[in-house]
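# Sequence first, predicted coordinates after that:
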Amino acid sequence: MRQYIIAGNWKMNKTVSESVQLASDIVAAVKDVKKTEVVIAPTYLAAAKVADVIKGSNVKLAIQDIHWKDQGAFTGKVSVDMVKEIGADYIIIGHSEQRQYFHETDETVNLKVKKTLAAGIKVIICIGETLEQRETGVLKEVLGLQIKGALAGVSAEDADKNVVLAYEPVWAIGTGKTATDEQAEEVHAYIRSLIKEIYGEKIAEDMRIQYGGSMKGANAAGLLAQKDIDGGLIGGAGLKADTFKAIIDAAEAK
């Protein structure tokens, strides 16, 4: 039985003080959560203070991105050692916004994934298609290239224990549109089949695949009821403790 993982990606939202407050509110809200892994991803600026807030709780820290180099002239970036020092449990890599706005490629995703895993930190690897790609029938090709590119050179052991995939249909992020439960499940099942091709059936069955297309309290139960959907990468609904908790409650009820 795969453990649900609900991760709140705060993106470029919340000041440091607001982040500390939200983290405190989430820690209090989920203190009795037993079955679901809870993760939050504040901005770089707030990450260290949020790490202090969640220390000793059942909330884990994710970082929104890293650079694949250890150090150097990369203004505005952070290295894996920097985030490891403050206690990062996960790093989100390949988010659609990184791909769309900041020229992320399958190659740079792979470099970041391998750097993160080598440091002993888990990864949430984002994959997903645009509306144009879905409508022109290349969804499976796009996902195949993204997954195989991201996992190139990643060991079976790391894939089994340290990798979470997040399927985020780009057309459903921040638009109010959501894939139907059946649409989401169909793609998740296909993603799992690709993992089976690469690593075999056991790892394919073990690997958790989140849905990242505008999951919220109102639709979480239906999505999480699907066989191959193992949680959510949450955007807007993760910015308030009560709306985030509503999604976690849906997972806990399964």
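Received the coordinates, thanks.
# Starting from the helix or strand that contains Val50, tell me the next helix or strand along the chain.
Taking DSSP states H and E as the criterion, the element that holds Val50 is helix 44-54. The helix or strand immediately downstream of helix 44-54 is strand 59-63, counting by DSSP H and E.
# Who are the packing partners of that following strand?
Other helices and strands packing on strand 59-63, by 3 or more C-beta pairs under 8 Å, 6 or more residues apart in numbering; DSSP states H and E, are helix 16-29, strand 37-41, helix 44-54, strand 90-93. All C-beta spots, glycine's among them, are computed from the backbone N, C-alpha and C.
# All the strands of the chain, residue numbers only.
Taking DSSP state E as the criterion, the chain carries its strands at 5-9, 37-41, 59-63, 90-93, 122-127, 163-167, 208-211, 231-234.
# possible to save those strands as a markdown table with mean neighbour count and distance to Glu107?
Converted to a markdown table, the strands of the chain look like this (neighbours: other C-beta atoms under 10 Å; distance: least, C-beta to C-beta, whole Å):
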| stretch | mean neighbour count | distance to Glu107 |
| --- | --- | --- |
| strand 5-9 | 26 | 23 |
| strand 37-41 | 25 | 23 |
| strand 59-63 | 23 | 20 |
| strand 90-93 | 26 | 12 |
| strand 122-127 | 25 | 14 |
| strand 163-167 | 26 | 18 |
| strand 208-211 | 24 | 22 |
| strand 231-234 | 29 | 22 |
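# could I get these as a markdown table with mean pLDDT and distance to Ala221?
Formatted as a markdown table, the entries for the strands of the chain read as follows, by pLDDT from 0 to 100; distance: least, C-beta to C-beta, whole Å:
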| stretch | mean pLDDT | distance to Ala221 |
| --- | --- | --- |
| strand 5-9 | 98 | 13 |
| strand 37-41 | 98 | 17 |
| strand 59-63 | 98 | 22 |
| strand 90-93 | 98 | 24 |
| strand 122-127 | 98 | 22 |
| strand 163-167 | 98 | 18 |
| strand 208-211 | 98 | 12 |
| strand 231-234 | 98 | 11 |
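# possible to save those as a markdown table with distance to Glu252?
Putting the strands of the chain into a markdown table (distance: least, C-beta to C-beta, whole Å) gives the following:
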| stretch | distance to Glu252 |
| --- | --- |
| strand 5-9 | 10 |
| strand 37-41 | 10 |
| strand 59-63 | 14 |
| strand 90-93 | 20 |
| strand 122-127 | 20 |
| strand 163-167 | 18 |
| strand 208-211 | 16 |
| strand 231-234 | 12 |
